[in-house]
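*Asks:* Here is the input, now give the coordinates:
(chains A and B)
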Amino acid sequence: MADGKEIGPATADLRRDLEAILLASGGPLPIELMLRALSLPESELGTVEALLNDLALEFPPAGPRGFVLRRIGGGWVLQTNPASAEALAGLFKLPDDSARLSNAAMECLTIVAYLQPVTRPQIAEVRGVNSDSPVHTLLDRELITEVGRSQAPGNPVLYGTTRRFEIMFGLNGLSELPPIDEFALTEAEKENLRTRLGLLSAPD
Amino acid sequence: MDLLEVPLLEVIQRYLDDIEEREVEAHWDEMTEFLLLMSVLLEIKSRLLLPDIETTTETELTPELAREEFLNRLFTYSQFKAASMHLRDRGIAESAAITRAPEATPLRALPSLDSLAGTADSLELRRRLLHLLEMRREPDANHIAPVTVDLRRQIRLIRDALAGCGRFSFNTLFGQEEPAVQAVSLFGLLDMLGRREIRVSQRDLFADIIVSVGDRARGT
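*Replies:* Sure thing, here's the model as predicted:
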């Protein structure tokens, strides 16, 4: 089959097999891995992708079904419908990884997500405080990883976010992060802050 | 509020109060950072208090530059802080969904070993064998909420039920509970029975247990 000579399974069978693989995978499954599992050549990628998009319409977010099919972390994943969280919580422990991160760790993670590749001193510069401890926490939890070395003096380590980060926050790539400018203070808020701190610029 | 009038002592006292209030539950990262933030504030205050001192080097901050830098830092920091709050909300929303755990089913993303029989590439065979061995994992039961049950709590429940009406049916009180809770409640009954605190009766084997106040509890 890998040589592309054999014809792939019928669409209905393929759809059934895809559903089975997605249910059993336990995490986002890249489409390339699905092709390998189904012994399909790369030329069938479009067919599989179309079927997955079709399935996603059948299991949409906030839909009436118990499952939702989503694209996160560079793969497709079948998850329980968030609307059923209360019912699930009665029997299962829902994941709370992001809630357990301290505010400091969340800020560092956000800085890495937006500014990556970024060094530890750059993170500290944005936050105004030493950030070694939260950075270690994020490394331990595999939410960030070393992605290289900066050319700056001392060649500090550069950090970037991981696939685990994207999965935890339901992102299918960093482009899904809202632009950082959306979170900037308005001019009125800046002026208000200046006034409250008694730091209004002196008139010329 | 003028930055020059920020009462550092008061801020530090409130910080200490906060530490005592939160005890060991506090985030030590945040506490340490608070101290560092205070030191930055102290440095800026010092510069503002001594505005007329001539700077000796080009890189040294003037009070005006210190103000601008302080504000720019605040603005940038507040931007990322707001973004981090958005990200946290997103993470919390994500935690409402569960992805089915693969349990002990090993992932066979690679060709079967049969298809590798006779392969000339021994290194490839070794790599794939190691990969298959690494894919075996212990069942993950973290998603199952643990049932917590305490013997003393169950005894307390039994006492409360008896205090109310003098007798009760075991199935009525504990019939809807998890098996582990029922078992511990039964141990509670045995304990109280041994101390003659209760009396029990049962019509048939495995039938419902009727619990009533014992001789000792009645004070006889």
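*Asks:* Output the below-cut-off pLDDT ranges for chain B.
*Replies:* For chain B, the stretches with pLDDT under 70 are B:1-13, B:16, B:19-20, B:22-37, B:44-64, B:66, B:101-125, B:127-128, B:131-147, B:217-220.
*Asks:* In it, which residue sits closest to chain A?
*Replies:* Closest residue of chain B to chain A, Cβ to the nearest Cβ: residue B:91 (2.6 Å). In short, each C-beta sits where N, CA and C put it, glycine included.
*Asks:* Let me see the contact set for that residue.
*Replies:* The contact partners of residue B:91, by Cβ atoms under 8 Å, 6 or more residues apart in numbering or on different chains, come to A:97-99, A:101, A:168-170.
*Asks:* need the contact list for the closest residue to it other than its chain neighbours.
*Replies:* Excluding the flanking residues, the one nearest residue B:91 by Cβ to Cβ, 6 or more residues apart in numbering or on different chains is residue A:98, at 2.6 Å. For residue A:98, the contacting residues are A:106, A:168-169, B:88, B:90-92, B:94-95, by Cβ under 8 Å, 6+ apart.
*Asks:* Then residue A:74?
*Replies:* Residue A:74 neighbours (Cβ under 8 Å, 6+ apart): A:28, A:30, A:163, A:166, A:172-173.
*Asks:* With residue A:82 instead?
*Replies:* For residue A:82, the contact set (Cβ under 8 Å, 6+ apart) comprises A:61-62, A:68, B:93, B:96-97.
*Asks:* do that again at 7 Å, thanks
*Replies:* B:93, B:96-97 (Cβ atoms under 7 Å, 6 or more residues apart in numbering or on different chains).
*Asks:* Check residue A:42 too.
*Replies:* Contacts of residue A:42 by Cβ under 7 Å, 6+ apart are residue A:35.
*Asks:* So which residue is smack in the middle of chain A?
*Replies:* In chain A, the residue lying closest to the centroid (Cα atoms, centre = their mean) is residue A:166, at 1.4 Å.
*Asks:* what secondary structure does that residue sit in?
*Replies:* At residue A:166 the chain is in helix, as set by DSSP: H, G, I helix; E, B strand; the rest coil.
*Asks:* gap between the residue nearest to residue A:180 when sequence neighbours are not counted and residue A:56?
*Replies:* Take residue A:180 and drop its neighbours on the chain: the residue closest to it by Cβ to Cβ, 6+ apart is residue A:114, 5.1 Å away. Applying Cβ to Cβ, to the nearest Å, the value for residue A:114 to residue A:56 is 28 Å.
*Asks:* Give me the more crowded residue out of the two.
*Replies:* residue A:114 (21 against 16; other Cβ atoms under 10 Å in any protein chain shown).
*Asks:* Any quick ChimeraX command for the buried ones out of the contacts of residue B:91?
*Replies:* With 16 or more other Cβ atoms under 10 Å in any protein chain shown as the criterion, this ChimeraX line picks the buried residues out of those:
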select /A:98,101,168,169,170
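*Asks:* quick one: average confidence on stretch A:93-110?
*Replies:* Averaging pLDDT along stretch A:93-110 gives 86.
*Asks:* List the buried residues for that stretch?
*Replies:* Buried-residue list, stretch A:93-110, by 16+ other Cβ under 10 Å: A:94-95, A:98, A:101-110.
*Asks:* Which member of the residues you listed is positioned nearest chain B?
*Replies:* residue A:98 (2.6 Å).
*Asks:* how about the helices in chain B?
*Replies:* Remark: helices assigned in chain B by DSSP state H are B:8-22, B:28-49, B:63-94, B:113-116, B:122-135, B:151-165, B:170-174, B:179-194, B:215-218.
*Asks:* quick one on the thing from earlier: mind checking which of the contacts of residue A:74 are buried?
*Replies:* Judged by 16+ other Cβ under 10 Å, buried ones among these: A:28, A:163, A:166, A:172.
*Asks:* and these, which of them are in helices?
*Replies:* Checking the buried ones among the contacts of residue A:74 against DSSP H, those in helices are A:163, A:166.
*Asks:* Return the member of the buried ones among the contacts of residue A:74 nearest to residue B:160.
*Replies:* Comparing these against residue B:160 with Cβ to Cβ picks out residue A:28 as the nearest, at 49.4 Å.
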